[in-house]
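Engineer: the sequence isn't on hand, but the structure is:
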Ligand SMILES: Nc1ncnc2c1ncn2[C@@H]1O[C@H](COP(=O)(O)OP(=O)(O)OP(=O)(O)O)[C@@H](O)[C@H]1O
């Protein structure tokens, strides 16, 4: 569904060159759900904007839904839906009219376009607002309308750039429910970016971890967590000396990837924490060390990012760049 080779985009800003995307080689199968996960400025939006023909690449090639982004952008646009970071609906029109017009622009007949608009308004819990003008909607309502706009022509490939940022948990869940139903019923391929690790973890079957314009890991969330992070077993000991000794003992046990003492605690990374924990406790006990507490935590995608880069995604996050508005589809 998507094939890119050496896809690259750089910008000139204040006399400097920013390499936003550096040589993206990607093959995405039809029917997949793929997340781009990375900190601010990693190149996620720039990648999506190239794939949706909104931004020409500096070099490299990309075929999207069978059409080349450089030589046949109209062919790409007909087959895809795109939700950018900005709002896509005009402010002075009624909600229903915006949706019906969008459907008509994609070649749907009047009756079909109206029927789909009604279905989408119902599914995204916007039916009570159908006759309101877009400008009077709240942020969350507006975002749900944007999603409806991206879906009205039932595209085979859907790009969502931070679809749920700033929304309350109910609206986030509602949006995902709808997108995933479309994916399930129609086989829609979904490619999205998100800052919410849980969304990538829960909904994507493949996660591309992006940093400084490059894909630094590419696998299912389960594999990424198991291969690159592992479970974390934290054991509390009586004092720092015991913690140091416990770390040494832990390192000698099978399945342990690393063990470090921090103050009175020892933190142990292992491929299978449930299996390690009883044996570790027995070993510490046999060595005469007093264990005060023990807990097991499953890895998150943030742990994966930490292993890969030495930074957490959360500490890499900074306020959205001023040029984020530039990600508007009409920009
Ligand atoms: N129009 C532009 N002019 C100059 N630099 C730009 C432009 N668009 C993006 N950049 C720069 O390219 C880099 C990648 O930006 P991009 O928006 O793709 O990152 P991102 O991963 O989507 O970040 P975010 O999570 O904040 O949306 C950043 O350093 C950004 O400042």
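Structural biologist: Perfect, I can see it now. All of these numbers come straight from a predicted model, not from anything done at the bench. Numbering: from 1, shown residues only.
Engineer: the residue lying closest to residue 251 once chain neighbours are set aside sits in which helix or strand?
Structural biologist: Of all residues not flanking residue 251 in the chain, residue 259 sits nearest, at 4.9 Å (CB to CB, 6 or more residues apart in numbering). For every residue, glycine as well, the C-beta is placed using N, CA and C. Element membership for residue 259 (DSSP states H and E) is strand 256-262.
Engineer: which other residues reach the helix or strand that that strand is followed by?
Structural biologist: Moving toward the C-terminus from strand 256-262, the next helix or strand (DSSP H and E) is strand 265-270. With CB atoms under 8 Å, 6 or more residues apart in numbering as the test, strand 265-270 has contacts from 229-237, 243, 246-247, 250, 255-261, 276, 280.
Engineer: out of the residues you listed, which end up buried?
Structural biologist: Burial by neighbour count, judged by 16 or more other CB atoms under 10 Å, picks out 229-233, 235-237, 243, 246-247, 250, 255-256, 259, 261, 276, 280 from these.
Engineer: show me what counts as buried in the longest helix along the chain.
Structural biologist: If each helix of the chain is counted by residues according to DSSP state H, the longest one is helix 169-186. Going by neighbour count (16+ other CB under 10 Å), the buried part of helix 169-186 is 171, 172, 174, 175, 176, 178, 179, 182, 183.
Engineer: which helices and strands does that helix pack with?
Structural biologist: helix 139-151, strand 157-161, strand 189-194, helix 197-203 (3 or more CB pairs under 8 Å, 6 or more residues apart in numbering; DSSP states H and E).
Engineer: between the ones you listed, which one is nearest to the ligand?
Structural biologist: strand 189-194 (6.2 Å; CB to the nearest ligand atom).
Engineer: could you pull out the strands for the stretch 1-150 of the chain?
Structural biologist: For the stretch 1-150 of the chain, the strands defined by DSSP state E, counting those that start in this stretch occupy 2-13, 16-28, 33-37, 59-64, 67-68, 80-83.
Engineer: TSV for those strands, including distance to residue 224, mean pLDDT and mean neighbour count?
Structural biologist: Listed next are those as TSV, based on distance: least, CB to CB, whole Å; pLDDT from 0 to 100; neighbours: other CB atoms under 10 Å:
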stretch	distance to residue 224	mean pLDDT	mean neighbour count
strand 2-13	20	94	16
strand 16-28	17	94	16
strand 33-37	9	95	24
strand 59-64	24	96	18
strand 67-68	31	96	17
strand 80-83	25	91	24
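Engineer: and the strands in the stretch 201-331 of the chain?
Structural biologist: So, for the stretch 201-331 of the chain - with DSSP E, counting those that start in this stretch - the strands run 206-211, 214-219, 231-237, 256-262, 265-270, 291-297.
Engineer: so for the last one, mean pLDDT?
Structural biologist: Averaging the model's pLDDT scores along strand 291-297 yields 95.
Engineer: in that strand, which residues are buried?
Structural biologist: residue 291.
Engineer: flag every buried residue along stretch 128-137.
Structural biologist: Neighbour-count burial for stretch 128-137 [16+ other CB under 10 Å]: 129, 133, 134, 137.
Engineer: including pLDDT and distance to the ligand, could the residues you listed go into CSV?
Structural biologist: What follows is these, written out as CSV (pLDDT from 0 to 100; distance: CB to the nearest ligand atom, whole Å):
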residue, pLDDT, distance to the ligand
129, 87, 28
133, 88, 29
134, 86, 24
137, 86, 23
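Engineer: pick the one among those closest to residue 113.
Structural biologist: residue 134 (17.1 Å; CB to CB).
Engineer: my read: the closest one touches residue 144, true?
Structural biologist: No - between residue 134 and residue 144 there is no contact under CB atoms under 8 Å: 11.6 Å.
Engineer: quick one: the strands of the stretch 1-150 of the chain as a markdown table, columns for distance to the ligand too.
Structural biologist: Below are the strands of the stretch 1-150 of the chain laid out as a markdown table (distance: least, CB to the nearest ligand atom, whole Å):
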| stretch | distance to the ligand |
| --- | --- |
| strand 2-13 | 3 |
| strand 16-28 | 3 |
| strand 33-37 | 8 |
| strand 59-64 | 15 |
| strand 67-68 | 22 |
| strand 80-83 | 13 |
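Engineer: thinking again about what came up before, ok, which of the strands of the stretch 201-331 of the chain comes nearest the ligand?
Structural biologist: Going by CB to the nearest ligand atom, the one of the strands of the stretch 201-331 of the chain nearest the ligand is strand 206-211, 6.6 Å.
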